[in-house]
Structure formats: structure tokens, C-alpha cells
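K.L.:
need a structure here:
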Amino acid sequence: MKLLIRWLISAIALVAAVWIVPGIDASGGGWVGVIAMAAILGLVNATVRPILRLLTLPITAMTLGLFLLVINGFTLWLAARITNRIFDADFVVDGFFDAILGGIIVSVVSLVLHRILIDDDGK
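P.N.:
Okay, the predicted model is just below:
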């Protein structure tokens, strides 16, 4: 059940990013595109993101963690590309700064919704 809730939280966060950032568009795929993008983003965050964080550890330390924003943007852009190739969902992330801003919005909305909806204390 928690996996379904996390997936829905990711979809809501992506809708917020589409709504706020003008360079992110999901109008061609509709809800199917957003749901597919949420699933692919979860897979990319589970597999690619830890590898990127490990490989970029020195630059992340030198920038006091600000490089993690670039990694978030890259994973959002990569997930959009994979979603477009596999599902033909027409989820578009236009540029570098749009990806970073979208990554920030997805992270913040996901964090807030996780705190509200999911109890991780084991209860």
C-alpha cells in the first residue's frame, strides 16, 4: 500500500512541477503520461541517482551540497526522456534550468506530502 501512496505522491509532485514551471509540459500525454513519468522517475531515483551521488561526491562537497540540485534536475530530465521513448507520453522538459527548478519543486512537494501522508515510524 505504501508503494502505491508513494507513486501517487510522485505523480502529484510532477503535476505541481508541470503547473509551476513553464518549461515542463505534459499536455500531450495527459494523466497516463504523468503516471508513467512518476513510475520511471521512481526507478531512476532508485538506480541512477545513488550512482551519480557517489561519483559526484567531491564536487558535491566542494559546493556544500548545491550540486545535488543539478543531480535532481538531471534525473528529472533523464526520466522524461525515458518516459518519452518507452511510453511515448510526450512529457517535455525544455532546458537545464527548467529541469533544476522542476527537480526542486518535485522534491519539496514530495517531502511535504510524505510527511503528511506516510508514517515511517513503523506504526
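
K.L.:
rest of the way, CA atoms for contacts and neighbours
P.N.:
OK.

K.L.:
the residue nearest the centre of the chain: what secondary structure?
P.N.:
The C-alpha lying nearest the average C-alpha coordinate of the chain belongs to residue 76 (CA atoms, centre = their mean; 4.7 Å). Under DSSP: H, G, I helix; E, B strand; the rest coil, the three-state class of residue 76 is helix.

K.L.:
can you give me the helices in this protein?
P.N.:
2-20, 30-55, 57-62, 67-87, 96-117 (DSSP state H).

K.L.:
what helices or strands is the first one leaning on?
P.N.:
Contact here means 3 or more CA pairs under 8 Å, 6 or more residues apart in numbering; DSSP states H and E; on that basis helix 2-20 packs against strand 24-25, helix 30-55, helix 96-117.

K.L.:
buried deepest among these, which one?
P.N.:
Here the criterion is mean neighbour count by mean count of other CA atoms under 10 Å, and of these the winner is strand 24-25, at a mean of 20.

K.L.:
how about the contacts made by the closest residue to residue 9 other than its chain neighbours?
P.N.:
Leaving aside its chain neighbours, residue 9 sits nearest to residue 110 (6.0 Å; criterion: CA to CA, 6 or more residues apart in numbering). Contacts for residue 110 (CA atoms under 8 Å, 6 or more residues apart in numbering) come out as 9, 10, 13.
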